[in-house]
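1. turn this into a model:
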Amino acid sequence: MQSGAKAFPSASLSGMITAPGDKSISHRAIIFGALAEGETVVTGLLRGADIYSTIGAMTALGAKVTETDDGKFVIKGCGSAGLKAPKKPIDCGNAGTGVRLIMGAAAAYNIKAEFTGDESLRSRPMARVLDPLRLMGVETEASDGDRLPATIRSAGNLSPIDFTPPHASAQVKSAVLLAGLRTEGKTIVRETRLSRDHTENMLRAFGADVQTRPKDEGQIVTIEGPIDLIGTRVNVPGDPSSAAFAMVAALITPGSDICIENVMMNPTRTGLIETLAEMGGEIRADNFRKSGGEVIADLHVRYSALRGINVPPSRAPSMIDEYPVLAVAAAFAKGDTIMNGIEELRVKESDRISATVELLRRNGVNVTESADGMRVKGGSPVQGGAEVRTFHDHRIAMSALVLGLAAQEPVSIDDASMIATSFPEFFDLMAAIGAKMEMTG
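-> Below you'll find the model as predicted:
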């Protein structure tokens, strides 16, 4: 049964919380550990539904994943034996990152595998991954519009490709690189704009030689296969996309002063922090250290008088998941905030541009939608008081609840169940800094 949630205007937020494990790193740690020879031990893994879907998928493909009493995950990889054909369709739930990376990884082996997911995932396009895999020699069958359910057939002896993705996408880049691990010769991905580099960093941690060199606004990534990954230890850093909700909540709720520990500061993921700082947000990072090959820090965030800005479209790949909550911050900023070049949001868990625009309009915010973005006119008190349709999208749900903390009237959402997909600790962590939220229905 569907249950909603409501956020109430809150007093100042304060306290210290720890960001949950990064979802992107968590997916990769499980997948790479399953491919590797020997044992991989993962600490700090995100315990969300998406990650458990990826664990189930890699188990179906032959890996063994065990959760220990002290919270670690131990993966016995398939190594030289290779992934095995699953006995039944692999259900990836709502895990878009998981299914796209796993299809690339599985394609490197002699395998036939069918992939499916929940209603939301089955509506999302898979051509961006299936097209380059076809160029490498993979046979595919998919539903209308190259959507799930989809089946891949591979003999394992793929051809290396020199591929330029039409859009900056870490998922596409990662799928091609993973398919290239067992491929004789050089697999090359040419990015016209930088995307997240977690796959390159983690491949190196598992012993792979990954070459990268800058090219204009992007880079060229090259691996030469076949490559044998070796099991290792991975300590998953905190997720900046999850930290974003507490960050924005503190910036828009008068008198707030919070600290968020363990936030990954990879420059391909810090676009929101940079944007909020340009808007006048007081965000200070300190205690820098390294974890799992990534730089992490603690973020100190205080209530700030924000101002609208024109967000550079080139920044989109480094904050693509954070635009809904950025739009919430923009509603409380003085002047217009313009967000263009984000058409990628239309093919996420929902059409996130339209869903965000509806979220704001229902709560009295002046917002204009365009084909590739939106313009939010801030400066007036945000009325609130509405029930927001989430379209089964966890980021729309959490963004709406953050807006309710600083609006004049409470804001409710029609469905809160999917928040466990990406951020199962959301309600507990927000309560820890004084946010007034409750489940309804």
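2. which positions in the worst-scoring helix or strand of the chain on mean pLDDT come out as buried?
-> Lowest by mean pLDDT, DSSP states H and E among the helices and strands of the chain is helix 419-422, with a mean of 78. Buried positions in helix 419-422, judged by neighbour count with 16 or more other C-beta atoms under 10 Å: Ile419, Ala420, Thr421, Ser422. Any C-beta I mention is one placed from the backbone N, CA and C, and that applies to glycine too.
3. got it, and stretch 423-437?
-> Quick answer for stretch 423-437 (16+ other C-beta under 10 Å): 423-427, 429-430, 432-437.
4. and stretch 310-322, by the same measure?
-> Neighbour-count burial for stretch 310-322 [16+ other C-beta under 10 Å]: Val311, Pro313, Arg315, Ala316, Pro317, Ser318, Met319, Ile320, Asp321, Glu322.
5. need the residues that contact it.
-> Stretch 310-322 is touched from outside by 168, 170, 193-196, 217, 241, 244, 267-272, 274-275, 323, 326, 337-342, 344-345, 348, 395, with contacts defined as C-beta atoms under 8 Å, 6 or more residues apart in numbering.
6. and those, which of them are in helices?
-> In helices, judged by DSSP state H, the following of the contacts of stretch 310-322 are found: Ala170, Ser241, Ala244, Gly271, Leu272, Glu274, Thr275, Tyr323, Leu326, Arg395.
7. skipping its backbone neighbours, what lies nearest Arg233 in space?
-> Val41 (5.0 Å; C-beta to C-beta, 6 or more residues apart in numbering).
8. ok, how many other residues are close to the one you found?
-> Residues lying near Val41 (other C-beta atoms under 10 Å) number 16.
9. Ala155 now?
-> Neighbours of Ala155 (other C-beta under 10 Å): 11.
10. what do you get for Ile223?
-> 24.
11. can you point out the buried residues in the helix or strand hosting it?
-> Secondary structure assigned from DSSP states H and E places Ile223 in strand 218-225. Residues Gly218, Gln219, Val221, Thr222, Ile223, Glu224, Gly225 are the ones in strand 218-225 that count as buried (16+ other C-beta under 10 Å).
12. can I get it as CSV, trimmed to CA atoms?
-> Output in CSV follows, covering the C-alpha atoms of strand 218-225 (Å, rounded to 0.1, in the frame of the first residue of the first chain):
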residue,chain,number,x,y,z
GLY,A,218,36.1,16.3,-22.2
GLN,A,219,38.6,13.4,-22.2
ILE,A,220,39.7,10.3,-24.0
VAL,A,221,39.6,7.1,-21.9
THR,A,222,41.4,4.0,-23.1
ILE,A,223,41.8,0.4,-21.8
GLU,A,224,43.6,-2.4,-23.5
GLY,A,225,42.2,-5.9,-22.9
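13. and the helices in the chain, which stretches?
-> Using DSSP H, helices in the chain cover 23-35, 49-60, 96-107, 119-122, 127-135, 170-180, 198-205, 240-252, 271-278, 323-331, 352-362, 394-406, 419-422, 426-432.
14. what angle do the first one and helix 49-60 make?
-> With axes from the mean of the first three to the mean of the last three C-alpha atoms, to 10 degrees as the basis, helix 23-35 and helix 49-60 are set at 10 degrees to each other.
15. where does the stretch 1-150 of the chain dip in pLDDT?
-> 1-2 (pLDDT under 70).
16. contacting residues around the residue nearest to Ala11 when sequence neighbours are not counted?
-> Distance criterion C-beta to C-beta, 6+ apart; nearest residue to Ala11, sequence neighbours excluded, is Gly434 at 6.6 Å. Contacts here follow C-beta under 8 Å, 6+ apart; on that basis Gly434 touches Ser10, Ala11, Ser12, Leu13, Ser14, Gly15.
17. one more: His394?
-> Residues counted as contacts of His394 (C-beta under 8 Å, 6+ apart) are Glu349, Met418, Ile419, Thr421, Ser422, Phe423.
18. spit out the contact partners of the residue nearest to Gly364 when sequence neighbours are not counted.
-> Ranked by C-beta to C-beta, 6+ apart and with sequence neighbours excluded, the top spatial neighbour of Gly364 is Gln383, at 3.3 Å. By C-beta under 8 Å, 6+ apart, Gln383 lies in contact with Asn363, Gly364, Ala407, Gln408, Glu409.
19. among the residues you listed, which one sits closest to Glu282?
-> Comparing the contacts of Gln383 against Glu282 with C-beta to C-beta places Ala407 closest, at 21.3 Å.
20. gap between that closest one and Leu276?
-> 19 Å (C-beta to C-beta, to the nearest Å).
21. next one: Pro125
-> 30 Å.
22. Arg233 touches Thr40, doesn't it?
-> Yes. Here Arg233 reaches Thr40: they are 7.3 Å apart, a contact under C-beta atoms under 8 Å.
23. more neighbours, the two?
-> Thr40 (27 against 13).
24. that one - nearest residue in space that isn't next to it in sequence?
-> Nearest non-adjacent residue to Thr40 (C-beta to C-beta, 6+ apart): Gly33, at 3.2 Å.
25. give me the neighbour count for Lys112.
-> Based on other C-beta under 10 Å, the number of other residues close to Lys112 is 12.
26. how is this protein divided into domains?
-> 4-20+237-440, 23-232 (automatic domain parsing).
27. ends of the longest one, what's the gap?
-> Its start and end residues considered, domain 4-20+237-440 measures 5 Å (C-alpha to C-alpha, to the nearest Å).
28. and for stretch 137-152?
-> The straight-line separation of the ends of stretch 137-152 (C-alpha to C-alpha) is 10 Å.
29. and it, what's buried?
-> Neighbour counts using 16+ other C-beta under 10 Å place Gly137, Val138, Thr140, Ala142, Arg147, Leu148, Pro149, Ala150, Ile152 of stretch 137-152 among the buried residues.
30. what is the nearest of those residues to Gly62?
-> Ile152 (15.8 Å).
31. looking at it, the closest one is touching Gly104, isn't it?
-> No. Ile152 is beyond contact range of Gly104, at 9.4 Å (criterion: C-beta under 8 Å).
32. what is in contact with these two at once?
-> Leu133.
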